[in-house]
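Q: For reference, the sequence and a predicted model appear below.
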Amino acid sequence: MAERERRQTPPFGGIFVPHARIMTADDMGRAIRRMAHEVIERNYGLEEIVVVGLQTGGVPVAERLAQSLEDIEGIRPPVGTLDVALHRDDIGIRPVVPEAVTDLPTDLDGRIVVLVDDVLFTGRTIRAALDAVCDFGRPRSVQLAVMVDRGHRELPIRPDYVGKNLPTRRDEVVDVHEVGVDLGVMQK
Amino acid sequence: MATNASAGHFLGIDGMARADLEEILELTTTFAEIGRRPIPKVPALRGRTVATVFFENSTRTRMSFETAARRLSADTIALSAGGSSLSKGESLRDTIEVVTSYGADALVVRHPMAGTAHRVAAWTDAAVINAGDGCHEHPTQALLDCYTLRERRGALDGMRIAIVGDIRHSRVARSDVLAFTALGAEVVLVAPATLLPPAVVGWPVTVAHELDLVLSDLDAVYLLRIQHERITEGLIPSIREYANDFSLTPERANRLPTDALILHPGPTNLGVEISAAAAADSRSVILDQVVNGVSVRMAILFLLLGSNRNLTGGAVEGDR
Amino acid sequence: MSLLIRGGRILDANGERALDVEIGDDGRIAAVGTGLNGDLDLDASDCVISPGFVDLHTHLREPGQEEAETIETGARSGSLGGYTALVAMPNTEPTTDCVAVVEQVRALGRRSTCEIVPSAALTVGRSGTKMAPLGELVDVGVGIFTDDGTGLQDPRLMRRVMEYSTGLTRRLGRPVVLAQHCEVSALSAGGYMHEGEWSSRLGIPGQPAEAEELMVMRDIALVRLTGAHVHFQHLSTASSVAMVRRAKAAGLPVTAEATTHHFTLTDAACATYDPVFKVHPPLRTGSDVDAVRAGLADGTIDAVATDHAPHAAHVKERPFDEAPPGMLGLETAFALTLGESGLDLPEVLAVLSWRPAAIAGIEGRHGASVVPGAPANLCVVDPDLTWTVSGAAMASRSSNTPYEGRTLRGRVRHTISAGEPVVIDGEARR
């Protein structure tokens, strides 16, 4: 469960109070470049790659990853966005409202889909995203890139590309933003 | 999944603020996108049951709600009670309690008498959606009409919209007047005097009795269905006379501004309130209305069942 | 066993005086004064002793619709409301349009806690097509005829009934009263509330005020033609009140009643879509309510009636059009008239007691002044007691009161019917 939802959706909302800067903007840039290299290496280029950012925190990370891929390979892979609110397994348990658009630029049949999110936590968002992706076609493979893996998985899901592995307490919150990554707590 | 302990309802546009309407319309965009997917279905309402409880025939509205429910993976059950419960000696409350006991999480209620959805809401724990109550309201129709207009024009602010025809008996007209004006449009009701409500005092509209006098100054014209029984009731002399004065003929369509939109809640009586040519005009958005109806109803079902929202509306407070 | 009502103020047509009332074994007032004795003392301190109330318009539902009310339960409800006489409406099943049904109603009434005064239909089966046997019915003492629930539509038949009734005055010993429910059904058909701003907004088809007013106008014209006594039931519109006012000024033999709901509720109440607010004639606008109050104030309207119309809960749990019209009234009438009619207490008692008694032709037994020798049909009311209306707590077999949950001021404390204390301290004795 990604923290951005906690921030934006009552009753889990509140004010984020950061304790520590985990990554600086430079750290993030380096991590994204490394992940881009790993994507290219593992897939022997960008030919069949589609980068899909999960709304809303994964979208800017996906954009930066795509930019980095383009910088390295000279071609820009298609970039899409995916909102998984309607595929979540906690609908009806807490208020869920779709927040943003789903916009996939290409047919996913036979493609390699790189899902991008800011934080990997319980894995439930990714499970929902896998369901959603399958409604758009039959990708050859689906890979997962996250800026921060903070542990506490509740489903058998693991990332293929990780910006930073960050051990956390369950009640802590990880905030990925433009100029860095912060660890903190929510104040109600 | 268990029935919501105290579900919200969607009973009418009356009492809803502009912001409430806009929120639903914006959310509708998300659901419209689902309708364009290769597999136009999401698991959002898996395990939920939506019951359509129709005491009046309406294949279209029922299909629209059922399509919306199924695209959200809800199960649907249907009760068609033609005619009155009175004829079976059963009270409406009994009927509703039976339907609720089948595990319905939402009741989509259509009834020929005003206020029935409001009464039903008082008797059930399920969410109640008014799918048309007599001559009162048809709030999901108004939302889909607003969505269709926004899709073409961006916003309703400043639009001048004529609603033409049997306003008196039209739940669509009552809901549309409230929704269009709440979103900033100007509404003119065009009808023979016998087909207007007895008292439009206090309605935020102007009234005209001649369509030809308002045509050239419209951003949209909304034709209502005319029922043949209005003649036996002595409200209009003949369909021919009505069509002469109020039908959107090709000639009248030509006199509309070039960017004016043509709407109709369906099903159309071609040649009566609208000519076949006008219905097929490039400015006609009648089929868009049908498509958008599913998206709007998905949004309403999701808000009530998926996000535990209470869409008030329709609560009219009278001072006793 | 003798009764003594002690410590109250008597208020009747003769005025007000602080005296005790002793009631003898014979059901009559034995003495009025001070220093009296009785076997049973009823405390009336801070209360008013009034002649018992008379309702010109009660639906007791028996025979035929005993699920909604019986003569026994309706009479008990009346006793709790201070009534000692109820004019039973004839829209029973079968219709009270012949001697046999009248006798059945009377026989059931004799065991109840009020005097039940049967009225009979104007036309056979209230069908509006054939005159009921008015002469036979007059001969068994029926003095009020009505097709209540509907008006008599056919003006020709109404004229004939009116003319015929004038020939029965000697046999009855007084003029026959023809009570009209004024509603031109061609104009009201398909309407379920007052036609106006509220009906337009709520989408409930309405019936115009003119549906009532045209029949008031017609019947006044026919009274002028025939000389019959017409009593207008439940007047509800400003124009109806104005027409009756002019007819009375012209000396025509007309009387009129208003119900408590027509001077306390407006059509805005229908916004709940709860058919408990559905009634015929329908709840009207605020200015109609004002006109009804003005009619009561200047005597245009002679009496407050209840149009007590019980309906079982399940038949009101229907859509607004399918639910039957009508609301309870007997147990709330005194408090509502005291609190909302604009009349002062002596006038309140007049419109609830002696004026309707005179119209019903029972003024010798009900509404009579509190003097020795008069029949002991009395009620003791506490004008200051506040209470909360609860349909479930009412003695009526139904609970369709539109005043549920309202706090009212003024309540009946004791009711004495033919010398028997049927209500003591707000509790029915049987």
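A: Done, it's in.

Q: any idea which helix or strand carries residue B:295?
A: Taking DSSP states H and E as the definition, residue B:295 sits inside helix B:286-301.

Q: residue of the stretch 51-200 of chain C with the smallest distance to chain B?
A: residue C:200 (3.8 Å; Cβ to the nearest Cβ). The C-beta positions use only the backbone N, C-alpha and C, and glycine is treated the same way.

Q: Give the next helix or strand downstream of the helix or strand where that residue lies.
A: For residue C:200, the element it lies in under DSSP H and E is helix C:197-202. Using DSSP H and E, the next helix or strand after helix C:197-202 towards the C-terminus is strand C:206-207.

Q: In terms of secondary structure, what does the helix holding residue B:295 contact?
A: helix B:18-35, helix B:59-71, helix B:139-153, strand B:261-263 (3 or more Cβ pairs under 8 Å, 6 or more residues apart in numbering or on different chains; DSSP states H and E).

Q: Tell me which of those sits nearest to residue C:309.
A: helix B:139-153 (34.0 Å; Cβ to Cβ).

Q: quick one, the closest one and helix B:286-301 angle?
A: 120 degrees (axes from the mean of the first three to the mean of the last three Cα atoms, to 10 degrees).

Q: Which residues does stretch C:27-43 contact?
A: Applying Cβ atoms under 8 Å, 6 or more residues apart in numbering or on different chains, the contact partners of stretch C:27-43 are C:1-7, C:10, C:19-24, C:370-376, C:380, C:414, C:418-421, C:424.

Q: swap that for stretch A:172-179, sorry
A: Against stretch A:172-179 from outside (Cβ under 8 Å, 6+ apart): A:3, A:6-7, A:16, A:18-19, A:22, A:24-25, A:57, A:60-61, A:118-119, A:121, A:147-148, A:150, A:166, A:168, A:181-186.

Q: Apply 6 Å and report the result again.
A: By Cβ atoms under 6 Å, 6 or more residues apart in numbering or on different chains, the residues outside stretch A:172-179 that reach it are A:3, A:16, A:25, A:118-119, A:147-148, A:150, A:182-186.

Q: for that stretch, which positions count as buried?
A: A:172-176 (16 or more other Cβ atoms under 10 Å in any protein chain shown).

Q: Kindly reformat those as a markdown table and extend each row with secondary structure and pLDDT.
A: Shown next, in a markdown table, are these (DSSP: H, G, I helix; E, B strand; the rest coil; pLDDT from 0 to 100):
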| residue | secondary structure | pLDDT |
| --- | --- | --- |
| A:172 | coil | 91 |
| A:173 | strand | 91 |
| A:174 | strand | 93 |
| A:175 | strand | 92 |
| A:176 | strand | 93 |
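
Q: Closest to chain C out of those?
A: Using Cβ to the nearest Cβ, the buried residues of stretch A:172-179 come closest to chain C at residue A:173, 47.3 Å.

Q: Show me the beta-bridge partners of the closest one.
A: When bridges are called by DSSP bridges, residue A:173 pairs up with residue A:184.

Q: Identify the bridge partners of the most centrally placed residue in chain A.
A: The centre of chain A sits closest to residue A:117, judged by Cα atoms, centre = their mean, with a distance of 0.3 Å. As for beta bridges, residue A:117 partners with residue A:146 under DSSP bridges.

Q: For the residue sitting nearest the centre point of chain B, give me the pLDDT.
A: Centroid-nearest residue in chain B: residue B:141, 2.2 Å away (criterion: Cα atoms, centre = their mean). At residue B:141, the model reports a pLDDT of 98.

Q: same check, this time on residue C:360
A: 98.

Q: tally of neighbours for it?
A: 26 (other Cβ atoms under 10 Å in any protein chain shown).

Q: same question, the one 4 residues further on
A: Burial measure for residue C:364: 10 neighbouring residues, criterion other Cβ under 10 Å.

Q: ok so, going back, mind picking the one among the contacts of stretch A:172-179 that's closest to chain C?
A: residue A:186 (43.3 Å).

Q: you'd agree the closest one is in a strand?
A: Yes: under DSSP: H, G, I helix; E, B strand; the rest coil, residue A:186 falls within a strand.

Q: any chance of the contacts of stretch A:172-179 in JSON lines, plus pLDDT and neighbour count?
A: Listed next are the contacts of stretch A:172-179 as JSON lines, based on pLDDT from 0 to 100; neighbours: other Cβ atoms under 10 Å in any protein chain shown:
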{"residue": "A:3", "pLDDT": "45", "neighbour count": "22"}
{"residue": "A:16", "pLDDT": "86", "neighbour count": "18"}
{"residue": "A:25", "pLDDT": "94", "neighbour count": "12"}
{"residue": "A:118", "pLDDT": "95", "neighbour count": "25"}
{"residue": "A:119", "pLDDT": "95", "neighbour count": "25"}
{"residue": "A:147", "pLDDT": "96", "neighbour count": "29"}
{"residue": "A:148", "pLDDT": "97", "neighbour count": "29"}
{"residue": "A:150", "pLDDT": "95", "neighbour count": "24"}
{"residue": "A:182", "pLDDT": "94", "neighbour count": "18"}
{"residue": "A:183", "pLDDT": "93", "neighbour count": "19"}
{"residue": "A:184", "pLDDT": "91", "neighbour count": "18"}
{"residue": "A:185", "pLDDT": "89", "neighbour count": "14"}
{"residue": "A:186", "pLDDT": "85", "neighbour count": "17"}
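
Q: Distance to residue C:334 for these - can I get that in a markdown table?
A: Listed next are these as a markdown table, based on distance: Cβ to Cβ, whole Å:
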| residue | distance to residue C:334 |
| --- | --- |
| A:3 | 67 |
| A:16 | 66 |
| A:25 | 82 |
| A:118 | 73 |
| A:119 | 72 |
| A:147 | 78 |
| A:148 | 76 |
| A:150 | 74 |
| A:182 | 73 |
| A:183 | 74 |
| A:184 | 69 |
| A:185 | 66 |
| A:186 | 62 |
